[in-house]
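Trainee: A predicted structure for the sequence below; I have some questions about it.
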Amino acid sequence: MKFRKIVTGISVTAVAALALVGCAPGGSGDGSASADQTLTIGALADITDWDPAQAHVGHALQPYQAPYDTLILREPDGKLSPMLATKWSYDDSLTKLTVDLRDDVTFSDGAKFDADAVVANFTHFQKENGRQAAQLVNLDKAVATDEDTVEVTLKQPDPAFTYFLSQAAGLMGSPKALDGDAIGSDPVGTGPYVMDKKASVAGSQYVFTKRKGYWNPDLQKFGGVTFKILIDVTARTNALVSGQVNATLLDARSASQADGAGFTLTKSQVDWGGLLLLDREGKLAPALGDVRVRQAINYALDRKALVKSLQVGYGTATAQPFGPASGAYDKSLDDAYPYDPAKAKKLLAEAGYADGFTLTVPGIASFEAIYAAVGQQLSEVGITLKADPVPDQEIVNKIAGGSFPAAYFQLFQGEAWVAINQIISTNALYNSFDSMTPELQELIDEVQAAPTAKEGDAAAKKINELVVDQAWFAPLYRLDQLYYTDKTVTVVAQTQMAVPSIYNYAPAGAK
């Protein structure tokens, strides 16, 4: 079984919850608010390398937005807007993208931002093979046709390419700095803030101050931004309540403490959690090779009860892997498998498993309570869930490498094409047994070649319907992301992102 490195869209919030760290003093929470105040954010993970080619997604992308701009800006609702790029357009083949650039931007080291800088960043991003290298997997070449125009040639149509230019692949570092090692600890970009090296401590906090002469001062809503590294949710909760940070992401078990202390909650849904029924040909678990068994697993799950018990009500029961903002979402599929243990038993009997079977999954401490609850429900129809311990750091490799026939995981609900290449296509990290049918492949090809987003979404909806009908997965719920802020700041949620972009924060009372 081959192991792929196409990691775009992995739920980093799920992985970040596996480590621990203490909280550091600092921040402001005294109720005062002004454009000169420092925004202090409780971050979920350390940034071990500030090279833009090593940037990740979701909450791990947020800190990079302080020193770096992206070519394209992703608005809170997901709309793509100009940033360093003023406009962009494809040719009829959808493989040539022309990108026009701003001509009034410089990097923090004084170098000019231009088309050559964009080409240098694309080359560097591909060469460094960072955590989101797959975002430029379809890039064949990029050419500066003049000082402020870049022509990009793709190996094949990529419906998510412009989206990726608002993500890690779109972060622009100074070409002078890209050739050395210093950028790993001292970011050099065109962004609204610059790192204060003396005040920053690796693994503890990263301090940024407002950059003078920044091309878009409207985005500089604070005098500075500090990221305090607080991986443990208890540490984040304590830091928020004690005034050490202004904003941070908590979980369902910590919400009551923040609610009781009067902090403002902003909710959004980014990830879905559920069973990946990976072995659809029955190579490791013969039972999973029968669609009736996979459907029986779905009917055996009381999703609403699981939302209540595991998420304290912070979530939405669902039987589909695509989210509402994906373009592939179909509301009716949320209840495609209503809780019906009698029907589950009937399907198991028809498939030859009236006496049940044992399903082995990778077990880690973070998912212990989930496996216990899901295992109890499955046992009521005769299925025994057996969790074999796996070290936290090996969980992705074990799932993606085909070591287990099924697994519980939490996954990012991104754009339709991103999700397809995360969990469904034969290139997907989480299609570890290369499951595919001619009908499904034809629909995937339709999404890729669709001349408009509307046509692509229509094909993606059919993909969603097909994989739900064939029970490729047994989703449980979409998790609520619980983002809390103190009274000195306001924030707007960022669609498909566990934490807001830094542009979405503002001092309380600011217009």
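Mentor: Everything's here; your move.
Trainee: those helices in the stretch 51-200 of the chain, which residues are they?
Mentor: For the stretch 51-200 of the chain, the helices defined by DSSP state H, counting those that start in this stretch occupy 115-128, 161-164, 175-178.
Trainee: and what of the chain?
Mentor: 12-16, 115-128, 161-164, 175-178, 233-241, 255-260, 291-299, 303-310, 341-350, 368-379, 395-400, 416-423, 438-449, 453-469 (DSSP state H).
Trainee: out of those helices, deepest packed?
Mentor: Of all the helices of the chain, helix 416-423 carries the top mean neighbour count, a mean of 27, counting by mean count of other Cβ atoms under 10 Å. Placement of C-beta: from N, CA and C, glycine included.
Trainee: what angle sits between that helix and helix 438-449?
Mentor: Angle, helix 416-423 to helix 438-449, by axes from the mean of the first three to the mean of the last three Cα atoms, to 10 degrees: 130 degrees.
Trainee: rewinding a little: closest one to Arg253 among the helices of the stretch 51-200 of the chain?
Mentor: Taking Cβ to Cβ, helix 161-164 is the member of the helices of the stretch 51-200 of the chain nearest to Arg253, at 32.6 Å.
Trainee: avg pLDDT for the closest one?
Mentor: The pLDDT scores in helix 161-164 average 97.
Trainee: before we move on, back to that, any chance of CSV for the helices of the stretch 51-200 of the chain, columns distance to Gln470?
Mentor: Below are the helices of the stretch 51-200 of the chain laid out as CSV (distance: least, Cβ to Cβ, whole Å):
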stretch, distance to Gln470
helix 115-128, 35
helix 161-164, 27
helix 175-178, 45
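Trainee: what's stretch 448-459 in contact with?
Mentor: Here stretch 448-459 makes contact (Cβ atoms under 8 Å, 6 or more residues apart in numbering) with 92, 94, 156-159, 327-328, 416-417, 443, 446-447.
Trainee: so which two of these are the farthest from each other?
Mentor: Farthest apart among the contacts of stretch 448-459 by Cβ to Cβ are Asp92 and Ala328. That separation is 24.9 Å.
Trainee: those two: which has the busier surroundings?
Mentor: The neighbour comparison of Asp92 against Ala328 (other Cβ atoms under 10 Å) goes to Ala328, with 29 against 7.
Trainee: list the residues that contact the residue nearest to that one when sequence neighbours are not counted.
Mentor: Among residues not flanking Ala328 along the chain, Ala460 sits closest, at 3.6 Å (Cβ to Cβ, 6 or more residues apart in numbering). If you count contacts by Cβ under 8 Å, 6+ apart, Ala460 has them with 322, 326-328, 416-417, 420, 443, 447.
Trainee: could you export those as CSV, including pLDDT and distance to Val194?
Mentor: Listed next are the contacts of Ala460 as CSV, based on pLDDT from 0 to 100; distance: Cβ to Cβ, whole Å:
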residue, pLDDT, distance to Val194
Phe322, 96, 39
Ser326, 92, 36
Gly327, 93, 37
Ala328, 97, 40
Ala416, 94, 37
Trp417, 95, 35
Ile420, 96, 38
Leu443, 98, 47
Val447, 97, 41
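Trainee: between those, which is nearest Ser108?
Mentor: Trp417 (33.5 Å).
Trainee: in contact with that closest one, which residues?
Mentor: Counting by Cβ under 8 Å, 6+ apart, Trp417 makes contact with 158-160, 447-448, 456, 460.
Trainee: give me the spatial nearest neighbour of Leu429, chain neighbours excluded.
Mentor: Per Cβ to Cβ, 6+ apart, closest to Leu429 is Ala400, 4.7 Å.
Trainee: that neighbour and His59, how far apart?
Mentor: Here the criterion is Cβ to Cβ, to the nearest Å. By it, Ala400 lies 21 Å from His59.
Trainee: now do Val143
Mentor: In terms of Cβ to Cβ, Val143 sits 34 Å off from His59.
Trainee: repeat for Asp218
Mentor: Distance, Asp218 to His59, using Cβ to Cβ: 24 Å.
Trainee: more crowded one of those two?
Mentor: Set side by side, Asp218 and His59 show more neighbours around His59, with 22 against 8, by other Cβ under 10 Å.
Trainee: isn't the more buried one right up against Pro500?
Mentor: No: His59 sits out of contact with Pro500 when judged by Cβ atoms under 8 Å, with a separation of 9.7 Å.
Trainee: nearest to Thr264, of the helices of the stretch 51-200 of the chain?
Mentor: Nearest of those (Cβ to Cβ): helix 161-164, 29.2 Å.
Trainee: how far off centre is the closest one?
Mentor: Relative to the centre of its chain, helix 161-164 is centred 14 Å away, using Cα atoms, centre = their mean, to the nearest Å.
Trainee: and if you look at stretch 410-424?
Mentor: Computed by Cα atoms, centre = their mean, the chain-centroid distance of stretch 410-424 equals 9 Å.
Trainee: and if you look at stretch 436-451?
Mentor: The answer for stretch 436-451 is 24 Å, by Cα atoms, centre = their mean.
Trainee: pick the one among the contacts of Ala460 closest to Trp88.
Mentor: Trp417 (16.9 Å).
Trainee: how much space between the closest one and Ile364?
Mentor: In terms of Cβ to Cβ, Trp417 sits 29 Å off from Ile364.
Trainee: repeat for Val105
Mentor: Distance of Val105 to Ile364, given as Cβ to Cβ: 44 Å.
Trainee: before we move on, what about Ser309?
Mentor: Ser309 sits 19 Å away from Ile364, going by Cβ to Cβ.
Trainee: and Tyr505, by the same measure?
Mentor: As judged by Cβ to Cβ, Tyr505 and Ile364 stand 33 Å apart.
Trainee: and for Lys96?
Mentor: For Lys96, the distance to Ile364 equals 45 Å [Cβ to Cβ].
Trainee: between those two, which one's more packed in?
Mentor: Ile364 (19 against 14).
Trainee: I figured the more buried one hits Ile395, correct?
Mentor: Yes: distance between Ile364 and Ile395: 5.5 Å, which falls inside the contact criterion (Cβ under 8 Å).
Trainee: can you pull out the strands in the stretch 201-350 of the chain?
Mentor: Taking DSSP state E, counting those that start in this stretch as the criterion, the stretch 201-350 of the chain carries its strands at 205-210, 224-229, 247-250, 264-276, 315-317.
Trainee: for Tyr430, find the nearest of the ones you listed.
Mentor: Per Cβ to Cβ, nearest to Tyr430 of these: strand 264-276, 5.8 Å.
Trainee: much appreciated, bye for now.
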